[in-house]
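Undergrad: Provided below for reference: sequence and predicted model.
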Amino acid sequence: MTFNILLILADDLSWFDLGCYGSKDVNTPNIDKLAREGMTFSNAYTATAMCAPSRQQLYTGLFPVRNGAYPQHSVTDEGTRSIAHYFTDIGYRVGLIGKDHIGPRSVYPFEYLGEGTKGSDGESTFSLEQTEHFIARDRSQPFLLIIASHNPHGPHNRGDQSAFDADSLTVPAFLVDTPTTRKNLAKYLAEVIDLDNEVGAVDQI
């Protein structure tokens, strides 16, 4: 028996800024529903806290120093096999929509459905229409689709910032508590809500 697989990635999201992980400031009902009906991780680690290396270690299953993509904006060594190869080999359609920030294409032979945008307009940072088309295109063949949202990576220009009272936010201990910090935190959390809305929209497809 085969199953369709949908992997949704956030960009620069702190794990504790979700309702299912105890956030006191932001409401994320769609992500919380997934957590409630599935599972959450209480111990998870990354070998590097940078965008491109993190994505490429996830897609290859290799530490960045093993796959070659260990500096930021780096690419994986030619000849490395990734999740795209393994799932194609067993008969899956394998797609990626949204932010890629990976390379080269020979290592990541996804069906690329568009990178999307970090603009303030639109229902999501990736194409929901393209997402729905990929999912519905061939019901006879299982798929693996990676949806790589641009949220909540800066510039923080999406979501409803007025939903937050900056003065009442919980500022993490590793940040300096200033009015500017609180203002920026409100902008960031607005995009966490925007991310949750994206998850809800995909769930309705």
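TA: On my side now, so go ahead.
Undergrad: For the rest of this, base every contact and every neighbour count on C-alpha atoms.
TA: Will do.
Undergrad: Let me know the secondary structure of the nearest residue to Arg55 once chain neighbours are set aside.
TA: With CA to CA, 6 or more residues apart in numbering as the criterion, Arg55 has its nearest non-adjacent residue at 7.2 Å, and that residue is Ile102. At Ile102, secondary structure determined by DSSP: H, G, I helix; E, B strand; the rest coil is coil.
Undergrad: burial count for Ile102?
TA: Using other CA atoms under 10 Å, Ile102 has 20 neighbouring residues.
Undergrad: same deal with Phe63?
TA: Neighbour tally, Phe63, other CA under 10 Å: 18.
Undergrad: residues contacting it?
TA: Contact criterion CA atoms under 8 Å, 6 or more residues apart in numbering gives 47, 57 as the residues in contact with Phe63.
Undergrad: Could I get the phi/psi values of it?
TA: The phi and psi values for Phe63, taken as degrees, to the nearest 10, are phi -60, psi 150.
Undergrad: what's the answer for the one 3 residues further on, then?
TA: Arg66 has phi and psi values of phi -90, psi -30 when expressed as degrees, to the nearest 10.
Undergrad: need the longest helix for this structure.
TA: Secondary structure of the chain per DSSP state H: the longest helix is helix 179-203.
Undergrad: Figure out how far it is from the centre of its chain.
TA: Going by CA atoms, centre = their mean, to the nearest Å, the spacing between the C-alpha centre of helix 179-203 and its chain's C-alpha centre is 13 Å.
Undergrad: ok, back up a step: just checking, the residue nearest to Arg55 touches Ala52?
TA: Yes: taking CA atoms under 8 Å as the contact criterion, Ile102 and Ala52 are neighbours in contact, 6.0 Å apart.
Undergrad: shared neighbours of those two, anything?
TA: With contacts defined as CA under 8 Å, 6+ apart, the residues shared by Ile102 and Ala52 are 74-75.
Undergrad: Tell me if Thr170 really is in a helix.
TA: No: counting by three-state DSSP, one finds Thr170 to be coil, located in no helix.
Undergrad: surely it meets Asp25?
TA: Yes: taking CA under 8 Å as the contact criterion, Thr170 and Asp25 are neighbours in contact, 6.9 Å apart.
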